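Trainee: Sequence and predicted structure, then a few things I'm wondering about:
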Amino acid sequence: MPEPGVTPSGGSGSDLHLELPATGSRRAALAGALREAVREGRLAPGTRLPPYRALAVDLGVARNTVADAYAELVAEGWFTARQGSGTRVAERAAPAGAVRTPVRVTGHRTAPVHDLSQGQPDAASFPRAAWSAAARRALAAAPNEAFGPGDPQGRPELRGALAEYLARVRGVRTAPERIVVCSGFAHALRLLFGGQVLRGPLAVEPYGLPFHRSLLSDAGVRTVPLGTDDRGTRTQELAALTAAPRAVLLTPAHQFPTGGPLHPGRRAAAVDWARANGALVLEDDYDGEFRYDREPVGAVQGLDPEHVVYLGSVSKSLSPAVRLGWMVLPEHLVAPVLAVKGEREAWVSVLDQLTLAELIDSGRYDRHVRRMRQRYRDRRARLVATLAEQAPHIAVTGIAAGLHAVLRLPPGTEASTVKGATWQGIALDGLAGFRHPDAVVPPADGLVVGYATPPDSAYGAALDALCRILPPAPES
Ligand SMILES: Cc1ncc(COP(=O)(O)O)c(C=O)c1O
């Protein structure tokens, strides 16, 4: 029986400490330990592996066991085998023309080969022709006054189009006078909190975008996380929070990033709390149009338009490069938000506003969203099928909507898996970075995998690469 924790020095000069479990298949255990050593960076790219015989002696296993384990890792792309130079840890594949610097797990990142980071729609599908046709028509129809300083509330054409669209598609109850155009969700947060229309503390979900958390803390706002369970964020805790927040920020249609919808009872509890306390629900509806398995989950705003601030943008539906979003406000907040925006529109191009209004009115925005929904649904199906085939022990969650999924990992494996992904040139995030530092939630290891970004031609390879860095199934 091999002694666990042997450090073979077998002629390669590499310092390699391998821990093999005492039971189970020797070949699988060795292959797993070697993958882990590569993932953790203990075996750097280009490192020459010990010869079969030397490693076999060190570990007390058969020579063929080592040969088979090496062959397995060669087939998977972790190692390369060349006549005369033995088996080496593979240099990470790099994009054509990129400088091939050795990448250490603890070192800086180079440009990823496979982009599975969340947050971006499919750039190749931006509706270039429809957008430029809408821009042409909007320019031709725009009155001369449109070319003067912009109204900080936004163009009436766009507010009219949004009021109709949001009512029809998201169940938002509003009128053009209650809408203020902004450059996106982040801008809306800056206007509300940076402009001191609202003040902290702000109750938040236990998971969220770190960028939004730092934006709020830069504005001097303390965020107080709620708990979560299988019905979503525990909004029933709002009344008992000692911090006594005046507002709660939620992603009710599709919790970001864990992916579930907020249970109807929890939606009602948030609105009831806001009503009873003169407080507000801030509804971040960042990807509400992209729902796959069921009828769309309507906006919470429809329950009580005077206690919910509804926030949306085109960042997922079109592109985050457009910088165009909207706030649907209770009546009493319209004037304070406009006061913060100032005399003239300083952020959002009037021409882009007119273009989006035209795109919506012509029905082409709807058509684009429908097309993208189908596309993302296909992408999601391929992710699920690939994992079912290559890594059936990994649960894929949060996939009823949106542009990303959460892969649940065995406890304690997230950090090394994310490192392995970096090393293999895969851009993705672990769940831990999204967790609020004060959140009291059970530990959960996971990967947040965006499936919208890679071009079609690269998607299959990205999924295969993803499966290679996933932790192996636990030995039964
Ligand atoms: C949770 C969440 N909210 C909102 C947004 C939209 O942000 P913005 O409109 O500022 O681009 C995103 C990203 O697209 C997001 O991930």
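Mentor: Received it, and whenever you're ready, just let me know what you need. Because the structure is a prediction, the values reported are computed rather than measured.
Trainee: Please tell me how far G77 sits from W273.
Mentor: 52 Å (Cβ to Cβ, to the nearest Å). C-betas here are computed from N, CA, C, even on glycine.
Trainee: Who has more neighbours out of these two?
Mentor: W273 (21 against 14; other Cβ atoms under 10 Å).
Trainee: Beyond the one helix or strand V418 maps to, next helix or strand please.
Mentor: Element membership for V418 (DSSP states H and E) is helix 414-423. Downstream of helix 414-423, the first helix or strand assigned by DSSP H and E is strand 426-427.
Trainee: can you pull up the bridge partners for R88?
Mentor: R48, T80 (DSSP bridges).
Trainee: check contacts around it.
Mentor: Taking Cβ atoms under 8 Å, 6 or more residues apart in numbering as the contact definition, R88 lies against 46-49, 79-82.
Trainee: go again using 10 Å as the cut-off
Mentor: When contacts are counted by Cβ atoms under 10 Å, 6 or more residues apart in numbering, R88 is found next to 12, 43, 45-49, 74, 79-82.
Trainee: from those residues, which would you call buried?
Mentor: 12, 43, 45, 47, 49, 79-80 (16 or more other Cβ atoms under 10 Å).
Trainee: Please produce CSV containing the residues you listed, extended by pLDDT and distance to V448.
Mentor: Output for those, formatted as CSV (pLDDT from 0 to 100; distance: Cβ to Cβ, whole Å):
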residue, pLDDT, distance to V448
S12, 43, 37
L43, 79, 27
P45, 82, 26
T47, 81, 30
L49, 85, 33
F79, 86, 29
T80, 85, 31
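Trainee: Let me see the ranges of the helices in the stretch 101-250 of the chain.
Mentor: Taking DSSP state H, counting those that start in this stretch, the helices of the stretch 101-250 of the chain run over residues 128-141, 156-170, 185-189, 210-218.
Trainee: Figure out how far the first one is from the centre of its chain.
Mentor: Spelled out, that is helix 128-141. 31 Å (Cα atoms, centre = their mean, to the nearest Å).
Trainee: pLDDT averaged over it, what's the number?
Mentor: The average pLDDT for helix 128-141 rounds to 98.
Trainee: So what angle separates the directions of that helix and helix 156-170?
Mentor: Our comparison of helix 128-141 with helix 156-170, counting by axes from the mean of the first three to the mean of the last three Cα atoms, to 10 degrees, yields an angle of 140 degrees.
Trainee: buried sites along helix 128-141?
Mentor: 130-131, 133-135, 137-138.
Trainee: again with stretch 261-280
Mentor: Result for stretch 261-280 [16+ other Cβ under 10 Å]: buried residues 261-263, 266-274, 279-280.
Trainee: Likewise for stretch 432-444?
Mentor: Result for stretch 432-444 [16+ other Cβ under 10 Å]: buried residues 434-436, 439, 441, 444.
Trainee: Other residues contacting the helix or strand harbouring V337?
Mentor: When secondary structure is defined by DSSP H and E, V337 falls within helix 331-341. Identification of contacts with helix 331-341 by Cβ under 10 Å, 6+ apart yields 151-154, 175, 177-182, 187-188, 190-192, 194-198, 280, 305-306, 309, 327, 329, 347-348.
Trainee: buried subset of these?
Mentor: 151-154, 178-182, 187-188, 190-192, 194, 197-198, 280, 305, 309, 327, 329, 347-348.
Trainee: Excluding sequence neighbours, find me the nearest residue to L303.
Mentor: V271 (4.9 Å; Cβ to Cβ, 6 or more residues apart in numbering).
Trainee: any idea how far that neighbour lies from the ligand?
Mentor: Counting by Cβ to the nearest ligand atom, to the nearest Å, the separation of V271 from the ligand is 20 Å.
Trainee: just checking, next helix/strand downstream of the stretch of helix or strand that residue belongs to?
Mentor: Using DSSP H and E, V271 sits in helix 264-277. Counting by DSSP H and E, the next helix or strand C-terminal to helix 264-277 is strand 280-284.
Trainee: average pLDDT across that following strand?
Mentor: Strand 280-284 comes out at a mean pLDDT of 98.
Trainee: between the helix holding V337 and strand 280-284, how many degrees?
Mentor: 60 degrees.
Trainee: what ranges of the chain fall below the confidence cut-off?
Mentor: When residues are selected by pLDDT under 70, those of the chain lie in 1-17, 92-110, 294-296, 476.
Trainee: Please list the residues of it that sit near the ligand.
Mentor: 119, 184-186, 209, 251, 256, 284, 286, 313, 315-316, 320, 325 (Cβ under 6 Å from any ligand atom).
Trainee: again, only using 8 Å
Mentor: 118-119, 183-188, 208-209, 212, 251, 256-257, 284, 286-287, 311-316, 320, 323, 325 (Cβ under 8 Å from any ligand atom).
Trainee: What subset of those is buried?
Mentor: By 16+ other Cβ under 10 Å, these give 118-119, 183-188, 208-209, 212, 251, 256-257, 284, 286-287, 311-316, 320, 323, 325 as buried.
Trainee: Which parts of the stretch 51-200 of the chain are strands?
Mentor: For the stretch 51-200 of the chain, the strands defined by DSSP state E, counting those that start in this stretch cover 79-82, 86-89, 114-115, 179-182.
Trainee: Please name whichever of the ones you listed is nearest to A385.
Mentor: strand 114-115 (17.7 Å; Cβ to Cβ).
Trainee: Alright, that wraps it up for me.
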